[in-house]
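In: Let's see this in three dimensions:
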Amino acid sequence: MFSVLKIDPRDDVAVALAPLAAGDPVAPGVRAAAEVPAGHKVALKAISKGAEVRKYGWPIGHALADIAPGEHVHSHNLATNLSGLEAYAYAPAAPEPMAGSTATFQGYRRANGRVGTRNEIWILCTVGCVARTAQKIAAEANLRFKGRVDGVYALTHPFGCSQLGGDLAATRTMIGTLAAHPNAGGALILGLGCESNQLGPLLEGAPQIDPERLRAFTAQATEDEIETGLAAVEALVAVAERDRREPCPMSDLVVGLKCGGSDGFSGLTANPLVGRIADAVSGAGGTAILTEIPEIFGAEQLLMARAADRAVFEDIVGVVNDFKTYFLSYGEPVSENPSPGNIAGGVTTLEEKSLGAVQKAGRGQVTQVLRYGERTDRHGVVLLEAPGNDAVSSTALTAAGATVILFTTGRGTPLGFPAPTLKLSTNSGLAQRKPHWIDFDAGRIAAGQDLDEAADALMQLVLATASGQATRAEDNGEREIALWKRGVTL
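Out: Next up is the predicted model:
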């Protein structure tokens with residue numbers, strides 16, 4: 001029996017499911033030439049220097065030297081093919097049928113029709129100068145109003161002043177959009193008073209929010225900002241505590257799709273598993289949001305072929321090439337990825353990482369492309385502009401409307417975000433080492449569990465989480481936001 005997996009019949013490499021020693025069989029007539037760590041690649045046939053190397057049925061780079069059958073394939077003998085901007089042709093594929101679902105969850109239906117999975121009070125800051133003030137208000141409010149809502153949370157950041165133009169506008173947009181999130185039964189926006197990110201323009205540009213569920217003031221304009229904040233929170237709690245969970249169809253669910261600390265198992269276990277959830281949600285009329293644009297480079301044509309129409313295709317081309325231009329304008333290569341942790345886990349090139357990452361979006365049509373800070377108003381698979389950074393992209397997913405985030409990881413992280421975030425380990429070892437971080441062990445697939453069976457189990461967890469069951473990150477008090485700062489600082 002071979003301890004490797006060949007993903008696609010066209011592949012030149014297989015993935016070691018367990019560590020290989022020199023001499024271990026990897027294919028008929030092929031033995032490992034040396035040790036190969038679990039999650040890493042081993043050559044199945046001879047590959048000439050300069051030739052493309054395929055995994056997932058697609059090129060993941062080219063050979064830097066002649067590679068013999070059984071050799072370890074990694075950074076020492078494989079390099080990316082990515083270099084700069086590309087021209088893309090519109091070549092739509094026939095859409096695959098998506099099965100619907102009659103499953104429901106217990107959500108909070110808001111007046112605007114959106115459905116939340118939590119009923120919380122969020123305290124947001126216009127500027128980092130009042131971040132600690134927001135945290136003090138939240139801490140005291142959780143003591144005073146315990147049990148009346150699902151919690152009071154300060155979502156802070158260090159920006160909002162010394163910013164210009166589009167950079168300031170992006171910060172303003174993100175705060176306003178987060179305030180309108182359906183998981184927030186009420187929102188307090190706390191300002192300082194002298195910052196660039198003034199309350200007036202922020203509120204004018206924010207999505208419409210029920211006035212009963214919004215409070216805002218500047219700390220400089222009140223004698224005691226803590227007590228003023230607590231009074232504002234108390235008024236919001238009085239409104240939000242009247243809300244009750246009710247049965248909601250899966251079409252009301254918006255899931256964010258994210259990976260962080262990927263390894264060689266990400267594209268084999270957790271990511272395709274999440275893709276099954278994306279298919280179930282989008283097939284039922286719900287929404288699945290994929291982001292991390294730099295981590296689709298090399299696999300973008302798979303998404304382009306699934307564009308619902310030419311306009312969506314052009315939007316995908318625009319967001320991909322704009323992001324590449326962003327990298328190139330700073331003198332950085334578009335292939336400056338994977339991270340050191342990814343490489344240690346067996347991921348060699350950005351193409352390889354991307355081909356594994358896009359599997360989180362399943363097989364559904366891409367119906368919309370959002371720019372950073374925008375909120376989805378479509379069903380199906382949505383592509384969102386944001387970088388790969390875990391905190392920045394997960395904050396953007398939340399602002400875009402995700403009410404549950406599915407986060408796959410091979411290395412592990414304790415970090416949590418405003419929307420309840422389920423962490424899926426790509427390998428069972430991580431789940432065993434970090435049970436207080438990991439909500440679901442997708443490594444069971446590498447051990448032989450049927451993908452459909454694992455997807456059924458994960459779907460039940462997603463629905464339970466959407467109905468109020470706490471995630472590991474929530475239990476641990478892990479909840480952060482991070483904004484994407486792209487401009488100069490005054």
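
In: can you map out the strands along the stretch 51-200 of the chain?
Out: Using DSSP state E, counting those that start in this stretch, the strands of the stretch 51-200 of the chain run over residues 52-55, 58-63, 72-73, 78-79, 104-109, 115-116, 120-125, 152-155, 184-191.

In: what's in contact with stretch 135-146?
Out: 121, 123, 151-154, 156, 188, 190, 226, 229-230, 233-234, 237 (Cβ atoms under 8 Å, 6 or more residues apart in numbering). Bear in mind the C-beta positions are built from the backbone N, C-alpha and C, glycine included.

In: Please identify the buried residues of the top helix by length along the chain?
Out: Longest helix in the chain, counting residues (DSSP state H): helix 310-329. Neighbour counts over helix 310-329 (16 or more other Cβ atoms under 10 Å) mark 312-313, 315-317, 319-321, 323-324, 327 as buried.

In: Pick out whichever of those sits closest to L397.
Out: V319 (15.0 Å; Cβ to Cβ).

In: Next, count neighbours for the nearest residue to that closest one once chain neighbours are set aside.
Out: Closest residue to V319 apart from its sequence neighbours, by Cβ to Cβ, 6 or more residues apart in numbering: E385 at 5.0 Å. Neighbours of E385 under the rule other Cβ atoms under 10 Å: 23.

In: hang on, isn't E385 packed against V392?
Out: No: under the criterion of Cβ atoms under 8 Å, E385 makes no contact with V392, lying 11.1 Å away.

In: sorry, back to before: need the residues that contact the helix or strand following the longest helix of the chain.
Out: Per DSSP states H and E, the first helix or strand lying C-terminal to helix 310-329 is helix 340-344. With contacts defined as Cβ under 8 Å, 6+ apart, helix 340-344 is touched by 74-75, 261-263, 353, 411.

In: what helices or strands is the one helix or strand Q432 maps to leaning on?
Out: Assigned by DSSP H and E, Q432 belongs to helix 428-433. Judged by 3 or more Cβ pairs under 8 Å, 6 or more residues apart in numbering; DSSP states H and E, the packing partners of helix 428-433 are strand 440-441.

In: Okay, now the sheet partners of the strand it packs on, with direction.
Out: strand 421-425 (parallel) (DSSP bridges).

In: Identify the residues contacting the partner strand?
Out: 258, 270, 273-274, 394, 404-410, 412-413, 431, 434, 437-443, 458, 461-462, 465, 471-473.

In: And the helices in this structure, which stretches?
Out: Using DSSP H, helices in the chain cover 131-144, 165-179, 199-205, 225-240, 270-283, 300-304, 310-329, 340-344, 350-357, 390-399, 428-433, 451-466, 472-475.

In: Out of these, which gets nearest to A43?
Out: Across these, closest to A43 is helix 350-357 (Cβ to Cβ), at 14.3 Å.

In: Let me have the helices of the chain in TSV, adding distance to E292 and mean pLDDT as columns.
Out: Shown next, in TSV, are the helices of the chain (distance: least, Cβ to Cβ, whole Å; pLDDT from 0 to 100):
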stretch	distance to E292	mean pLDDT
helix 131-144	26	98
helix 165-179	17	96
helix 199-205	26	95
helix 225-240	32	98
helix 270-283	12	96
helix 300-304	12	96
helix 310-329	10	96
helix 340-344	13	92
helix 350-357	7	95
helix 390-399	5	98
helix 428-433	20	97
helix 451-466	20	97
helix 472-475	19	98
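
In: got TSV for those, with distance to D12 too?
Out: Below are these laid out as TSV (distance: least, Cβ to Cβ, whole Å):
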stretch	distance to D12
helix 131-144	51
helix 165-179	42
helix 199-205	51
helix 225-240	56
helix 270-283	20
helix 300-304	19
helix 310-329	26
helix 340-344	19
helix 350-357	12
helix 390-399	31
helix 428-433	27
helix 451-466	24
helix 472-475	38
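
In: Deepest-packed of the ones you listed, please.
Out: With neighbours taken as mean count of other Cβ atoms under 10 Å, those reach their highest mean count in helix 350-357, at a mean of 28.

In: quick one: that one to helix 270-283, angle?
Out: On the basis of axes from the mean of the first three to the mean of the last three Cα atoms, to 10 degrees, helix 350-357 is oriented at 50 degrees to helix 270-283.

In: ok now helix 350-357, how far from the chain's centre?
Out: 15 Å (Cα atoms, centre = their mean, to the nearest Å).

In: How about stretch 94-114?
Out: Computed by Cα atoms, centre = their mean, the chain-centroid distance of stretch 94-114 equals 19 Å.

In: do the same with stretch 19-38
Out: Per Cα atoms, centre = their mean, the centroid offset for stretch 19-38 relative to its chain is 34 Å.

In: Could you point out the member of the contacts of helix 340-344 that lies closest to G200?
Out: Nearest member of the contacts of helix 340-344 to G200, counting by Cβ to Cβ, is G261, at 40.8 Å.

In: give me phi/psi at that closest one?
Out: phi 70, psi 50 (degrees, to the nearest 10).

In: any weak-confidence spans in this structure?
Out: 1 (pLDDT under 70).
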